[in-house]
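**Student:** test case, fold it:
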Amino acid sequence: MIWIYLLLLFVLTLIGSMIPVLFKKFNSAWMMLMLAFSGAFLLAITFLHLMPEVFHELGEKAGIYILAGFLLQLGLQRISHGIEHGHVHEHNITQHAVTPIFVGLIIHAIMEGIPLGFSYQSSSTTPSIFLAIAAHKIPEAITLSTLLFIADIKKNKWMLIVLFALASPISGILAMYFGQKFYFVSNQLVYIIPIVAGAFLHISTTILYESGTKHHQLSRQKVIAVMLGLGFALATLLLHFH
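**Tutor:** Numbers count the residues shown, from 1 in each chain. Now for the predicted structure:
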């Protein structure tokens, strides 16, 4: 089943990157709602599925690694300029500026894929994490594609998009393969997963605070998007009882 998740993740990322191409006048308001939904969904899945797993594995020590992941994502944000949060600062984007941003995004994508290659106590954890990452990938891919068009990248634009789409599935495959083959790797993954959980907390909370918010006021549409994200995340708990 994990192979299907990874293939779907690749396809959904490519679809997201095609949206700015197919819909030249893609409404930014829809983008803000997608971000609000994905941020709420990712946050809830992290709390409901990922964090219980890491505390089960590591006990109170998990908190240290979660905090480390939060701070790591804070550092990565300085490289990616918040692209993973759906931000595109058009006046700062040049072809030379794209390289460090893309490197930051690739590191972020690799981190996202690792949890999909890990074996969890609950059978509902992997499909729930997949849904959360997929929901986050689509607006992230839209933002990357928009960035590449703004920077007027002509030669390698689609190669970069395909590399980005492959990063998470490949890291998931490598985590699964080496985790099953080598005890040392599987033991290290136990510590890497809470770091990723901390990164997810940073990403999701940043999205929720910043997506479409003006003067710290929540629009009715954003509240609905957030509630839908939380509702779908809560619904994944039903998978636990199957």
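**Student:** which residues of the chain score low on pLDDT?
**Tutor:** 24-28, 80-97, 151-155, 211-218, 239-242 (pLDDT under 70).
**Student:** and the biggest helix by length in the chain, what other elements does it pack with?
**Tutor:** Criterion DSSP state H: the longest helix present in the chain is helix 183-210. The contact analysis (3 or more C-beta pairs under 8 Å, 6 or more residues apart in numbering; DSSP states H and E) places helix 183-210 against helix 28-45, helix 51-58, helix 62-80, helix 95-113, helix 157-181. Every residue, glycine included, has its C-beta placed from N, CA and C.
**Student:** who are the packing partners of whatever helix or strand comes next after that helix?
**Tutor:** Next helix or strand after helix 183-210 toward the C-terminus (DSSP states H and E): helix 220-235. When contacts are defined as 3+ C-beta pairs under 8 Å, 6+ apart, helix 220-235 packs onto helix 28-45, helix 125-150.
**Student:** Ile195 is nearest to which of these?
**Tutor:** Nearest to Ile195, of all these, is helix 125-150, at 14.5 Å by C-beta to C-beta.
**Student:** distance from that closest one to the middle of the chain?
**Tutor:** What separates the centre of helix 125-150 from the centre of its chain is 6 Å, taken as C-alpha atoms, centre = their mean, to the nearest Å.
**Student:** same thing with stretch 115-134?
**Tutor:** 13 Å.
**Student:** pull out the CA atoms of that stretch and give them to me as PDB.
**Tutor:** The C-alpha trace of stretch 115-134 is given here as PDB (Å, rounded to 0.1, in the frame of the first residue of the first chain):
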ATOM      1  CA  PRO A 115       7.400   9.400   7.800                       C
ATOM      2  CA  LEU A 116       5.700   7.500   5.000                       C
ATOM      3  CA  GLY A 117       8.500   4.900   5.100                       C
ATOM      4  CA  PHE A 118       8.300   4.200   8.900                       C
ATOM      5  CA  SER A 119       6.400   1.400  10.500                       C
ATOM      6  CA  TYR A 120       3.900   2.600  13.100                       C
ATOM      7  CA  GLN A 121       2.100   0.900  16.000                       C
ATOM      8  CA  SER A 122      -1.300   2.000  14.600                       C
ATOM      9  CA  SER A 123      -2.400   1.000  11.100                       C
ATOM     10  CA  SER A 124      -4.200   4.300  10.700                       C
ATOM     11  CA  THR A 125      -1.100   6.400  11.100                       C
ATOM     12  CA  THR A 126       0.400   6.000   7.600                       C
ATOM     13  CA  PRO A 127      -2.700   6.700   5.500                       C
ATOM     14  CA  SER A 128      -3.500   9.700   7.800                       C
ATOM     15  CA  ILE A 129       0.000  11.100   7.400                       C
ATOM     16  CA  PHE A 130      -0.200  10.600   3.600                       C
ATOM     17  CA  LEU A 131      -3.500  12.600   3.400                       C
ATOM     18  CA  ALA A 132      -2.000  15.400   5.400                       C
ATOM     19  CA  ILE A 133       1.200  15.600   3.300                       C
ATOM     20  CA  ALA A 134      -0.800  15.300   0.100                       C
END
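**Student:** done for today, thanks.
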